[in-house]
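Participant: Prediction below, plus the sequence it came from.
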Amino acid sequence: MSVAESPVNDVRNLSYAEHFIVWVMRTAISCAPECRMIHREFTHAFGPHVEAGAKAFERVLLALAKGTRQITLARPGHVHMTHDELSLLALFAAAQGGDEARCLAHARWMMGKGRPEPLREAVVDLGILLERNGRTFRRAPDAVPPEGCTGEPARLHAV
C-alpha cells in the first residue's frame, strides 16, 4: 500500500508539525519529558525558540493532566493514530488557523469536565511558535452542506 492509499489515521500522511505533535506526545508519556530525543527534535521544530516551545509544550501536558477525560495515545513508532491523537491534531489545526470556536470545541472535548481555556491557550501558543519556524498544520475543510440541501429546517413526519 502506498502512502497515498494509506488510511487517514496513518502517521505517514502527516505534515512535519502534525507528526511532531503525535510523536512528542507519545514519547513524552512513554519515556520521560527529559528524554534527549525530545530535546533534539524540539530544536528542529522550534529553531531559535526551543525554550519557549518546551515551556508551551509543558503547559499543554499540564492542562491535559487536569482534564477529566482519559486520553488514549498509541505507543511511539506505531503507524496508526488513535481517535484522541486525531482530535489533538484537529485542536492544533484550529488553533493555528485562528478558528477560535472550533479550537475551543476541541479543547472542551479533550478536557471532559475540566476547564478548556488553559489547554486552548497553551495550544495556541505552541502553534504560533511552530508556525514561526515554518511548521504548519493542515486546516480542516469548511463544512459544506450535502448536495441537494436547500437549507430548510428538517421536518419530522409521524407515520
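Facilitator: It's in.
Participant: distance between stretch 44-55 and the chain's centre?
Facilitator: Here stretch 44-55 is found 17 Å from its chain centre; the criterion is Cα atoms, centre = their mean, to the nearest Å.
Participant: likewise stretch 77-94?
Facilitator: Between the mean C-alpha point of stretch 77-94 and the mean C-alpha point of its chain there is a distance of 6 Å (Cα atoms, centre = their mean).
Participant: and what of stretch 100-115?
Facilitator: When distances are taken as Cα atoms, centre = their mean, stretch 100-115 is centred 12 Å away from the chain's centroid.
Participant: Same question for stretch 98-105.
Facilitator: On the basis of Cα atoms, centre = their mean, stretch 98-105 is displaced by 12 Å from the centre of the chain it belongs to.
Participant: Need phi/psi at the nearest residue to P116 once chain neighbours are set aside.
Facilitator: Nearest residue to P116, sequence neighbours excluded (Cβ to Cβ, 6 or more residues apart in numbering): A107, at 3.7 Å. No exception for glycine: its C-beta is placed from N, CA and C like everyone else's. When read as degrees, to the nearest 10, the backbone of A107 gives phi -60, psi -40.
Participant: A17: what's it in contact with?
Facilitator: A45, F92, Q96, L130, R135, T136, F137 (Cβ atoms under 8 Å, 6 or more residues apart in numbering).
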